[in-house]
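K.L.:
Need coordinates for the following:
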Amino acid sequence: MNFTLDSIQQFILQELLSPDNTLEVLDAPAFAADPLVGCAAGDDPLFAQFRSDITPEYLLPQDWMAKAGVEAAPGELRVVSWVLPQTAETKAAQREQSRYPAKPWSANRAFGQAFQNRMAGRLVEWLNQQGIPAVCPAIHPDFRQVTSPRFGFASNWSERHTAYTCGLGTFGLCDGLITARGKAVRLGSVIVKASLTPTPRPYDHYRAYCLYDQGCRACIQRCPAGAITAEGHDKPKCSAYCKQIFQDKRGEFGFDGVYGCGLCQSRVPCADGIPRRAADVSGGAV
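P.N.:
All right, here's what the predicted structure looks like:
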């Protein structure tokens, strides 16, 4: 098999074109069939930096691969990240909201994530069938939430930080990742023991695509919980508001799960792509 990053992108695209890509409670797909894929080396120094900055419980690529029963040096591994954009219809519905998320948006939080988890499992199975050892941290039994001494709510693997490392986008003031498909996206990743060329990172700062330094305050103004300020994103305040949304809208939306909020990801300059200042940057993705 001639294994390339494009092979993984084609697998993901076929999944997005399948009937499994659905919001389930609505007759609509969860994601647009327009993914981005990027890659980083397993020994990229950023992974060790995340462990140092976030928490000692943060697991490195070789740690996850060892959990899959494969011993490998960091340089033998590649981390592949993907971006799944929400559909134009879901984003349009979300733009009209000012206090609660639109039903399609909340359905994506529940059923879109469930689709992505199933897709990731099928991707790992497919890779293993090709003789390529693979593991997906987000669906591994040892993936868990942790408390970061510096940042509070965290986990032992971060899809946003992984996508940043793979050249797919940079952080906004609200902590969302701004990609070439915008900020209204869902992220995933797998770790493989294979030879792939890492995707260049066309940025040198973690907020390179955010326009806050040019006076943008759109995500601050969009947040109904007051959880975004000039100092950044207040995770506990955001989480408390999301729990309140579930209590307020459960009967109307008619399904269980985490409803999320996501208003800071819509009706903002970075909702659909990289803002104008950086519009000439492709994001470095396949």
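K.L.:
quick one, helices of the stretch 151-286 of the chain?
P.N.:
Applying DSSP state H, counting those that start in this stretch to the stretch 151-286 of the chain gives helices spanning 159-165, 218-222, 235-253.
K.L.:
contact partners of the first one?
P.N.:
This points to helix 159-165. Helix 159-165 is contacted by residues 38, 40, 44, 46-47, 50, 54, 79, 81, 83, 138, 169-171, 175-177, 179, 187-189, 201, 206 when judged by Cβ atoms under 8 Å, 6 or more residues apart in numbering. Bear in mind the C-beta positions are built from the backbone N, C-alpha and C, glycine included.
K.L.:
Buried only: go through those for me.
P.N.:
Burial by neighbour count, judged by 16 or more other Cβ atoms under 10 Å, picks out 38, 40, 44, 46-47, 50, 54, 79, 81, 83, 138, 169-171, 175-177, 179, 187-189, 201 from those.
K.L.:
Describe which strands the lowest-mean-pLDDT helix or strand in the chain pairs with in its sheet and in which direction.
P.N.:
Across the helices and strands of the chain, the lowest-confidence element by mean pLDDT, DSSP states H and E is strand 152-155, at a mean of 83. Sheet pairing here is set by DSSP bridges, and for strand 152-155 it gives strand 145-148 (antiparallel).
K.L.:
from the chain's centre, how far out does the strand it pairs with sit?
P.N.:
On the basis of Cα atoms, centre = their mean, to the nearest Å, strand 145-148 sits 18 Å off its chain's mean C-alpha point.
K.L.:
List of residues touching it?
P.N.:
With contact meaning Cβ under 8 Å, 6+ apart, strand 145-148 is reached by 54-55, 57-58, 153-156.
K.L.:
Neighbour-wise, give me the winner out of these.
P.N.:
Highest neighbour count within these: Tyr58, with 22 neighbours (other Cβ atoms under 10 Å).
K.L.:
who's the residue most central in space within the chain bridged to?
P.N.:
The residue lying closest to the centre of the chain (Cα atoms, centre = their mean) is Leu187, at 2.4 Å. Beta bridges link Leu187 to Val83, judged by DSSP bridges.
K.L.:
what distance separates the start and the end of stretch 37-46?
P.N.:
18 Å (Cα to Cα, to the nearest Å).
K.L.:
from the middle of its chain, how far away would that stretch be?
P.N.:
Taking Cα atoms, centre = their mean, the mean C-alpha location of stretch 37-46 is offset from the chain mean by 15 Å.
K.L.:
ditto for stretch 68-83
P.N.:
Offset of stretch 68-83 from its chain centre (Cα atoms, centre = their mean): 18 Å.
K.L.:
buried residues in it?
P.N.:
68, 70, 72, 74, 76-83.
K.L.:
Then stretch 233-252?
P.N.:
Applying 16+ other Cβ under 10 Å to stretch 233-252 flags 233-234, 238-239, 241-242, 245 as buried.
K.L.:
what's the answer for stretch 17-33, then?
P.N.:
21-23, 26, 28-33.
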